[in-house]
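# Any chance you can model this:
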Amino acid sequence: MTHTIFRMAGTLAAAAALLSTAAFAGPLEDANKKLVLEFHAVVLNGKDADAAPKYVADNYIQHNPRVPDGLAALQGFVREMKRGTPESRANIKRVVAEGDLVVIHSHVQRTPGERGAALVDIFRVQDGKIVEHWDIVQPIPETSANSNGMT
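All right, here's what the predicted structure looks like:
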């Protein structure tokens, strides 16, 4: 019985600490979400490589194996995307922010009308700039074992 009371007290203390932290995290998370959504609209969907420094730190860390680290490399990637797939677009379905991380789930298409892919981007924000990025891409198949869809 005593152990149960201590476990419950510990759980309640942890929950209270989490709630007090969450109460102060809202504005930061909202700001991070706004930054990433604007970056996504202007730089990625808008293919404006020159606007990237407003949103991305010089020492940007990239986990996509096709893109090198650094702001200049990201700008080169965006310029190549504009040249090679000017109609490509990611339609955002969900956005989640927690602390310094913002996650976007989207449906990306290189050309209008194609099935495209489900994409999850994870951005880490520090001091008002995107400093790190991960992504996971899964092509949308022609058929599925369920009717839930991927986006």
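
# Low-confidence regions, this structure specifically.
Within the chain, the ranges that satisfy pLDDT under 70 run 1-25.

# Strands of that one, start to end?
Here the chain has its strands, by DSSP state E, at 56-62, 89-98, 101-109, 117-126, 129-139.

# I'd like those laid out as CSV, including distance to L71 and mean neighbour count.
For glycine as for every other residue, the C-beta is placed from the backbone atoms N, C-alpha and C. Output for the strands of the chain, formatted as CSV (distance: least, CB to CB, whole Å; neighbours: other CB atoms under 10 Å):
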stretch, distance to L71, mean neighbour count
strand 56-62, 5, 16
strand 89-98, 20, 15
strand 101-109, 18, 19
strand 117-126, 14, 18
strand 129-139, 9, 15
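
# Nearest to V43 among those would be which one?
Of all these, strand 56-62 sits nearest to V43, with 7.7 Å by CB to CB.

# coming back round to it: what's the closest of the strands of the chain to S147?
strand 117-126 (15.3 Å).

# The closest one relative to strand 101-109, how many degrees between them?
150 degrees (axes from the mean of the first three to the mean of the last three CA atoms, to 10 degrees).

# neighbouring strands for strand 117-126, and are they parallel or not?
strand 101-109 (antiparallel), strand 129-139 (antiparallel) (DSSP bridges).

# Just to check, N59 is in contact with V131?
Yes: between N59 and V131 there is a contact under CB atoms under 8 Å: 6.9 Å.

# list residues touching both of the two?
Contact criterion CB atoms under 8 Å, 6 or more residues apart in numbering; no residue bridges N59 and V131 by contacting each.

# that older thread, any chance of the strands of the chain in a markdown table, plus distance to L37?
Below are the strands of the chain laid out as a markdown table (distance: least, CB to CB, whole Å):
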| stretch | distance to L37 |
| --- | --- |
| strand 56-62 | 14 |
| strand 89-98 | 7 |
| strand 101-109 | 8 |
| strand 117-126 | 10 |
| strand 129-139 | 11 |
